[in-house]
Structure formats: C-alpha cells, structure tokens
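1. following is a predicted model, sequence given first.
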Amino acid sequence: MSGLRVGDASPRAVKLDFTAPAGIDLTTVTLVTGTLYRADGTTIEWAFTISPGATATAMSAVHVLAADGSDLPAPGAYRCATTLTFPAAVTRRPGVAQFTVSPYP
C-alpha cells in the first residue's frame, strides 16, 4: 500500500494479500474484517471484499475507502489487525498490516 494520503476516498482502496500454511484453505474464507488503528489514536472497523482468484494458499481482499474521506483522517502510521472467518464461524487472525498515510498536499 503506497501513496495513501489524508482524506483519500472511494474509489481508492486498500488491498491486503494473505498467504496460508499447509492445512489452511483460503478458498473457504467467508468474511474478512479488520480493526484499523489510526495515526490519531482512534479505531474503526473495516469490511473487506474477497478478491476473485483465491487459491488454497493465497488470497487478496480489498477495502474501498469511505466516500467522504473519513477513513484516513490524519497523517502517520496506521495498523490494520485482520480477522479471517471460515465456515462454522472459525476465525483466524493472520497478522497486522502496517502502512503510512501522507499529509494531503
């Protein structure tokens, strides 16, 4: 994720890529969500759309930024702690994505 700026809005999006070890089948993921820890100390929940083309070991998911530009309110470091949901409500937390948001010029 590069080039994100304060106030970026739809159609801009954040894409996350996931890989899985043997025994985990990413084609069965039914939901991707994330808690976004913003640079200003606030948090919000993000919903992601699972991209077509997932394989057992690799998949991508996309969050389209809010149309009003409110997803990225301040410059600095952001972290998104994601959760993957599998059938029978089994969840896994694959890690935390980190990115930097630049000031709006």
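-> Sure thing, it's come through.
2. all strands for the chain, in order.
-> 13-19, 31-37, 43-50, 58-64, 76-86, 90-101 (DSSP state E).
3. of all these, which lies closest to D25?
-> Among the strands of the chain, the nearest to D25 by C-beta to C-beta is strand 76-86 (8.3 Å). C-beta coordinates here come from the backbone N, C-alpha and C atoms, glycine included.
4. neighbouring strands - and their directions - for the closest one?
-> Each strand paired with strand 76-86, and its direction, by DSSP bridges: strand 31-37 (antiparallel), strand 90-101 (antiparallel).
5. can you pull the contacts of V29?
-> Taking C-beta atoms under 8 Å, 6 or more residues apart in numbering as the contact definition, V29 lies against I50, A54, M59, L84, T85, F86.
6. for the helix or strand of the chain with the lowest mean pLDDT, which positions count as buried?
-> Within the chain, no helix or strand scores below strand 90-101, which has a mean of 92 by mean pLDDT, DSSP states H and E. Within strand 90-101, the residues that qualify as buried by neighbour count (16 or more other C-beta atoms under 10 Å) are P94, A97, V101.
7. and which of these is nearest to K15?
-> A97 (9.8 Å).
8. tell me the bridge partners for that closest one.
-> Beta-bridge partners, per DSSP bridges, of A97: C80.
9. residues in contact with it?
-> By C-beta under 8 Å, 6+ apart, the residues touching A97 are M1, L16, G34, R79, C80, T82.
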